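# let me see the structure of the following:
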Amino acid sequence: MTFIEALYGSQYAEIDKNGKDGNKGRLNGNIFLSVFILLCIVLLFIFLTFLSKTFSQAATNAVVANFGNMSGRSIGKLLAIPLFLVIYFVITKTIGTEANFKAVIAKFLTYPEEIRDKANSKILMPFFIVLGLLILLIFLN
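Next comes the predicted model:
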């Protein structure tokens with residue numbers, strides 16, 4: 001089972017199990033994938049600042065030059081929200097299309113029950129690894 005099958009399949013199964021329209025799992029899957037990709041981008045940026053003090057200084061200078069004395073929280077919102085929207089738009093037009101979602105769900109439903117039950121751990125493990133590394137690098141930086 002691939003990561004995408006586990007993602008969309010687990011979302012579909014969870015919503016369908018509660019007696020609702022399982023096709024709403026496409027929205028949940030697209031949002032989760034967008035957030036995961038955004039976290040990977042932030043992790044990469046923080047990793048680069050951790051490795052190179054020159055990159056860190058250049059990034060700091062660029063932020064000060066472009067955003068002045070705004071708080072980090074405000075800058076984060078200004079950068080993260082548009083980036084999230086761009087990533088979400090790209091996902092909905094590529095991986096997260098309705099036709100692809102239906103094909104992935106059809107394949108997901110062919111797997112045995114014990115494999116389908118492991119879908120959540122298959123998507124949450126990489127998410128928590130990226131999140132943990134992100135938090136670790138933030139505190140070490």
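# was I right about residue 98 contacting residue 26?
Yes. Applying Cβ atoms under 8 Å, one finds residue 98 in contact with residue 26, separated by 6.7 Å. In this view, the C-beta of every residue, glycine as well, is placed from N, C-alpha and C.
# the two - which one has more neighbours?
When residue 98 and residue 26 are compared on other Cβ atoms under 10 Å, the one with more neighbours turns out to be residue 26, at 22 against 10.
# hang on, the more buried one packs against residue 100?
No. Look at residue 26 against residue 100 with Cβ under 8 Å: they stay out of range, at 9.1 Å.
# the most centrally placed residue in the chain: what's it in contact with?
Taking Cα atoms, centre = their mean, the centroid of the chain lies closest to residue 36, which sits 1.4 Å from it. Applying Cβ atoms under 8 Å, 6 or more residues apart in numbering, we find residue 36 in contact with 126-127, 130.
# next: residue 12.
When the contact criterion is Cβ under 8 Å, 6+ apart, the partners of residue 12 are 22-23, 25-26, 105, 108.
# just the buried members of the contacts of residue 36?
Burial by neighbour count, 16 or more other Cβ atoms under 10 Å: within the contacts of residue 36 this picks out residue 130.
# closest to residue 77 among the contacts of residue 36?
Compare each of the contacts of residue 36 with residue 77 using Cβ to Cβ and the shortest gap goes to residue 130, at 20.5 Å.
# now for the lowest-mean-pLDDT helix or strand in the chain, which elements pack on it?
Per-element confidence for the chain was summarised using mean pLDDT, DSSP states H and E. The lowest value among helices and strands belongs to helix 53-67, with a mean of 73. Under the contact criterion of 3 or more Cβ pairs under 8 Å, 6 or more residues apart in numbering; DSSP states H and E, the helices and strands touching helix 53-67 comprise helix 25-51, helix 72-93.
# alright, that wraps it up for me.
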